[in-house]
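>>> Structure for the following, please:
(one chain, ligands or ions: 2)
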Amino acid sequence: MNDVSTNSAQHGGQLGEGYGRTKTQDADFSHGIALYLENVSVWFDSFRALNDLSLYIAEGELRCIIGPNGAGKTTLMDVITGKTRPTTGTAFFGQNYDLAKMSTEQIAEAGIGRKFQKPTVFENFTVLENLLLAAPRDKRVKQSLFSRLDPEAQLALDETLEQIRLKELIHKPAGLLSHGQKQWLEIGMLLMQRPKLILLDEPVAGMTDAETERTAELCLELKKNHTLVVVEHDMSFIDTISEKVTVLAQGAILAEGTLAEVQANEDVIEKYLGR
Ligand code: ADP
Ligand code: MG
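Numbering: from 1, shown residues only. Ligands and ions are numbered 1, 2, ... in the order given. Next up is the predicted model:
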């Protein structure tokens, strides 16, 4: 038995064929669609977390996804980011990236950035250090931890600091930020990767009203240059930012439309909002 061949076989299986390229090609949005999910089901043993779900997100869209706990919202984001594989169905980023065949790292490199529910900033590092750590490695001039950035990455840093409004706090350890500021820093860390599609899972959970308002402004700003998918429970937040809303329940789409439309939908009232 030869260790090398065993390893490479495992490796090949994980990464999928055709994605070993050194330079990431751009996602092809020429049909106007950033994300295609078609008939996606996810089974965990005998439990079906996503049930034959089809979802299309247009380039430049800001889609809100709402629905009761356990509806499959986080699982949906797991499928898009490669953390969970669809049991059946297909998931494409643009025309050219078959997400089911890519590793989580390859998906991130292809331009999909995700913010998880809980902030995962490095508490002992400053705001600036956190952002620098999030910059893609090949954008750092020297391969050291806090090396200087190339001009493009420096521009991303300046823009990001402007957007997340933490410019005055760049030397503050992240552990001393408020909950809302930590969330914004984490969004900033995402932006340093220059993603095309941004996924935010419950971004305003635990925020004060003022922080929630500021986050809504941030989402609307991000919409100018990104495609966004936002999962949230906070209806006034959704009302501020939303165009099209998708309601998920039991792993399937219950309704789609404006917030007012889905709020008036009988199924949605029964299964989610309550009477
Ligand atoms: P939501 O984010 O809408 O609250 P989730 O996607 O987290 O819902 O979960 C959907 C359902 O799938 C839940 O019932 C959850 O318990 C189940 N689930 C999620 N991940 C797993 C897993 N890794 N193994 C087994 N069940 C899971
Ligand atoms: Mg969730």
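
>>> For the one residue in the stretch 51-200 of the chain that gets nearest to ligand 2, the count of nearby residues, please.
Taking CB to the ion as the measure, the stretch 51-200 of the chain has residue 74 as its residue closest to ligand 2, at 3.3 Å. Every residue, glycine included, has its C-beta placed from N, CA and C. The number of residues packed near residue 74 is 18, by other CB atoms under 10 Å.

>>> next one: residue 268
Applying other CB under 10 Å, we find 20 other residues in the vicinity of residue 268.

>>> What mean pLDDT does the helix or strand harbouring it get?
Using DSSP states H and E, residue 268 sits within helix 266-268. Mean per-residue pLDDT for helix 266-268: 94.

>>> before we move on, what about stretch 175-186?
96.

>>> cool, and stretch 48-56?
98.

>>> and what of stretch 223-234?
So the average pLDDT for stretch 223-234 ends up being 96.

>>> do it and ligand 2 meet at all?
No: applying CB under 5 Å from the ion, one finds stretch 223-234 separated from ligand 2 by no less than 6.5 Å.

>>> right, and the helix or strand after the one helix or strand residue 199 maps to?
If you go by DSSP H and E, residue 199 is part of strand 197-201. The helix or strand immediately downstream of strand 197-201 is helix 209-223, counting by DSSP H and E.

>>> got the residues of this structure near ligand 2?
Taking CB under 5 Å from the ion as the contact definition, the chain meets ligand 2 at 73-74.

>>> which stretches of the chain form helices?
Residue ranges of the helices in the chain, as given by DSSP state H, are 3-15, 73-80, 104-110, 127-134, 151-164, 179-191, 209-223, 235-241, 259-263, 266-268.

>>> So which of those helices is nearest ligand 1?
Among those, the nearest to ligand 1 by CB to the nearest ligand atom is helix 73-80 (3.3 Å).

>>> Now do the buried residues in stretch 122-137.
For stretch 122-137, burial by neighbour count (16 or more other CB atoms under 10 Å) applies to 125-132, 134-135.

>>> farthest pair in these?
For the buried residues of stretch 122-137, the maximum inter-member distance is 14.4 Å, found between 126 and 135 (CB to CB).

>>> Report the distance from the helix holding residue 268 to the chain centre.
Offset of helix 266-268 from its chain centre (CA atoms, centre = their mean, to the nearest Å): 27 Å.

>>> mind listing what residue 42 touches?
Residue 42 makes contact with 48-50, 72, 75, 79, 84-87, 251, according to CB atoms under 8 Å, 6 or more residues apart in numbering.
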